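>>> Give me coordinates for this.
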Amino acid sequence: MSDYTKTTAIVGLGALGMLYASQITAALGPDNIYFLGDRDRIERYRQTPFSINGKPFSFQIEDCTKARPVDFLIVAVKYGALSSALDTMSASVGPDTTIISVMNGIDSEEIIAERFGGEKVLYCVAQGMDAMRFGSNLTYTRPGTLCLGTRTEGQESRLKDLTRYFDRAGISYTVEADIVKRLWGKFMLNVGINQTCMAFETNYSGVLAPGKPNDALIGAMKEVIDLSKKKGVGLSEADMDFYINLIKTLSPEGVPSMRQDGMARRYSEVEMFSGAVRRLAAKHGLPVPVNDMLYEKIKKREAAYPSLPHES
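Have a look, this model is predicted:
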């Protein structure tokens, strides 16, 4: 089957969902790329004027209950919406469907694999992008790179098919020899940058400047390094320096997804970051005072929000 006729479905019309849908559409056309949604979401999306970098953009939305299995499925929802996303994508997953998650954290692949089978799910880490979505408007200057790798033996052909498709679609990627370490490295970055920007209500430049936000950034990341050693992954401060240098390549006025959530008064993915750190650290008897502080600070802020649903 030609890459131009292979079908791709995306669950989650957020910043990354919009980013990858627009890239695939630009390269391969709009016919075989679409978002999945229920009836209410379809109606809402179809009435919403979307834009990317200031230009109008329309997306195809398909009824998840009438969907057929696709070749590739991209999961791009918030952590709190993952459970419902599994139901949304159910009809679109067949024996030959290859699934990647561009979610943050370290466990979305395992959750998806438990539902649909580990052979279908590749490891994926999305990094280096500065995509920001406010309302229905996406802006970005750096599309970033997807780091890919196999989870189990026998997935090499799936990975080859996916990378060939991405070559045609113009999506930047690397194939990682140690994808688990890369996954943990991105987790370390997000535990630091996402939570610090939200907790201190600042942007990339504010976190990188000397002061309390920078101290929190470094402290939170070091706690993940300690935890990774307990898990046999073995991150180091050299890995931390790599990711801090990655932040420096982003727009100084830019903000990560959790800060975007805070600005929009949406509930964040704090449970996926410091929540996960605290749970894992407790099992290993590790103190994580910086992540404790960030968790409590973010939870206190969210407690003052009006009652709102988790956004997917």
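
>>> Residue 167 is in what secondary structure piece?
Taking DSSP states H and E as the criterion, residue 167 maps to helix 156-169.

>>> and that helix, which residues are buried?
Buried residues in helix 156-169, counted by 16 or more other C-beta atoms under 10 Å: 158-159, 161-162, 165-166, 169. (Glycine included, C-beta is placed from N, CA and C.)

>>> Same list, the residues you listed, but as a markdown table with distance to residue 284 and pLDDT please.
Output for the buried residues of helix 156-169, formatted as a markdown table (distance: C-beta to C-beta, whole Å; pLDDT from 0 to 100):
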| residue | distance to residue 284 | pLDDT |
| --- | --- | --- |
| 158 | 33 | 97 |
| 159 | 32 | 97 |
| 161 | 38 | 97 |
| 162 | 34 | 97 |
| 165 | 40 | 97 |
| 166 | 37 | 97 |
| 169 | 41 | 95 |
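
>>> if we can go back for a sec, let me know the next secondary structure element after the helix holding residue 167.
As assigned by DSSP H and E, the chain's next helix or strand after helix 156-169 is strand 173-175.

>>> Tell me how the protein divides into domains.
Per automatic domain parsing, the structural domains of the chain span 8-177, 180-303.

>>> Endpoints of the longest one, how far apart?
In other words, domain 8-177. Terminal residues of domain 8-177 lie 26 Å apart, using C-alpha to C-alpha, to the nearest Å.

>>> Pull the distance from that domain to the chain's centre.
Here domain 8-177 is found 10 Å from its chain centre; the criterion is C-alpha atoms, centre = their mean, to the nearest Å.

>>> next one: the shortest one
Domain 180-303 sits 14 Å away from the centroid of its parent chain (C-alpha atoms, centre = their mean).

>>> distance between the ends of it?
34 Å.

>>> With stretch 239-256 instead?
20 Å.

>>> now do stretch 78-96
End-to-end distance (C-alpha to C-alpha), stretch 78-96: 25 Å.
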